[in-house]
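Trainee: make a model of this:
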Amino acid sequence: MAERSAGLLMYRRRGGRTEVLLAHPGGPFWAKKDEGAWSIPKGLFEEGEDPLRAARREFTEETGFRAKSKGFVPLGEARQKGGKLVLVWAFEGDARPEKLKSNTFTMQWPPRSGLKQEFPEMDRAEWFDLETAKKKILPGQREFIERLEEKLGG
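Mentor: Numbers count the residues shown, from 1 in each chain. Presented below is the predicted three-dimensional model:
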C-alpha cells in the first residue's frame, strides 16, 4: 500500500486578498531551491489513524504552530509523483512565520562522509498570495491551492 500523508493549509485574508502559509523543507537538498519547492505542512499517518488528527499533529510538529480551528475545510486528496497519497484540510488562522519551530531529522552529510548532521524538517515559513503560492508550492500540491481558491469563491 502506498504511503499516506495528511496536512493542513492555513490561510488568512489580508487587504482584500487571501494568503496561505507554506513551509520550506530543510536540509541540504532543498537549501538552494525556492520556486516549486515549498510545501503544505504534512506528514505520514498509519492505517486506522484519523487523518485530520494526524494532519493537526504534523502541522504542529513541522511548524510549532497550533491549528486552533473548528472549521477545517476538506480539500480532498492527491496522488504525488512518487505514489504517496496526500489528504489536506484548510483552516483560517494566523501565525508569525519568524516563530517557526520545526522538528528535526538526521542524515549523513556530506554524502559518504560517515558524519551525521541534524536538520530542521522545515527551515522557514512564509505567507504567499494565492498566485505566488501556486508558483512556490511543489507541483504535486498545487491543486490544493486551486481547490481552496474555488471553495473561497476565487
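
Trainee: burial count for the closest residue in space to residue 95 that isn't next to it in sequence?
Mentor: Spatial nearest neighbour of residue 95, excluding adjacent residues (Cβ to Cβ, 6 or more residues apart in numbering): residue 65 at 4.5 Å. Every C-beta, even on glycine, is put in place using the N, C-alpha and C of the backbone. Residue 65 has 21 neighbours, counted by other Cβ atoms under 10 Å.

Trainee: same question, residue 18
Mentor: 19.

Trainee: would it count as being in a helix?
Mentor: No - in this structure, residue 18 is strand, not part of a helix, as judged by DSSP: H, G, I helix; E, B strand; the rest coil.

Trainee: what's the longest helix in this structure?
Mentor: helix 51-63 (DSSP state H).

Trainee: what angle do the next helix or strand after that one and helix 51-63 make?
Mentor: As assigned by DSSP states H and E, the chain's next helix or strand after helix 51-63 is strand 73-79. Counting by axes from the mean of the first three to the mean of the last three Cα atoms, to 10 degrees, strand 73-79 lies at 80 degrees to helix 51-63.
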